[in-house]
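1. pasting the sequence and the predicted coordinates here, then a few questions.
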Amino acid sequence: MSLETVEDSLKSGLEKSYSEDPEPTSNSVMPTEAIKTVAKQVIVEEELRKIIMVFGIHEADNEDTQTAVRNAFEELEEKPRLDQAVRLGKKMHAKARPVKVTLSSASIVQQILSKSRKLRQTANYKTVFLAPDRTLDERAKHRELVLQLKEKIVSDPNRKHFLKGGEVISVELKTDKVTA
């Protein structure tokens with residue numbers, strides 16, 4: 001994260017916290033606790049940007065999780081340095097646990113996420129899904145969007161529906177009718 005991005009995040013967070021002051025005065029001083037809270041939020045957000053969640057990678061009894069994730073990323077022609085790859089949750093025989101992967105930078109995460117669709121076209125990783133790590137609030141919002149998406153798919157099957165920019169987008173399906 002660049003210094004300018006951190007400064008912008010701090011300023012916007014501080015302005016938001018400061019604007020919630022019920023009686024601002026011309027000589028009000030920013031409370032130290034507000035500064036600490038905003039700084040912590042910025043740090044947490046930056047750390048979340050370095051994490052990618054991997055769903056659907058087969059789980060073996062004596063597996064090396066980093067190698068399994070590295071192989072999936074190689075299908076995307078990416079060889080990032082993995083800081084950490086950890087399975088989450090209790091081990092269950094019928095279901096593969098998600099993997100939380102920490103990479104060295106947020107830009108690498110974005111690069112991998114932008115190529116993640118290519119995994120659907122591979123034989124070994126058709127069921128693997130990549131997603132950014134999200135906060136609890138972001139997960140709740142995303143879950144609501146997915147429910148809205150599912151409702152639209154059922155209610156209007158003649159259109160293509162997808163999520164983009166925090167919204168459900170619907171477009172007309174392309175028809176490949178040949179007219180003579």
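-> Everything's here; your move. Numbering: from 1, shown residues only.
2. what segments of this protein are helices?
-> 3-19, 32-49, 65-75, 106-115, 136-155 (DSSP state H).
3. burial count for Lys160?
-> Neighbours of Lys160 under the rule other Cβ atoms under 10 Å: 13. No exception for glycine: its C-beta is placed from N, CA and C like everyone else's.
4. equivalent analysis for Pro31, please.
-> With other Cβ under 10 Å as criterion, Pro31 counts 12.
5. same check on Val171?
-> For Val171, the neighbour count with other Cβ under 10 Å is 9.
6. report pLDDT for the closest residue to it other than its chain neighbours.
-> Leaving aside its chain neighbours, Val171 sits nearest to Lys160 (5.2 Å; criterion: Cβ to Cβ, 6 or more residues apart in numbering). Predicted confidence (pLDDT) for Lys160: 89.
7. quick one on the thing from earlier: return the most buried member of the helices of the chain.
-> helix 65-75 (a mean of 17; mean count of other Cβ atoms under 10 Å).
8. please enumerate residues in contact with it?
-> Applying Cβ atoms under 8 Å, 6 or more residues apart in numbering, the external contacts of helix 65-75 come out as 54, 57-58, 79-80, 82, 85-87, 99, 101, 112, 118-119, 122, 124-125, 128.
9. report the buried members of those.
-> Val54, Ile57, Pro80, Leu82, Ala85, Arg87, Val99, Val101, Ile112, Leu119, Tyr125, Val128 (16 or more other Cβ atoms under 10 Å).
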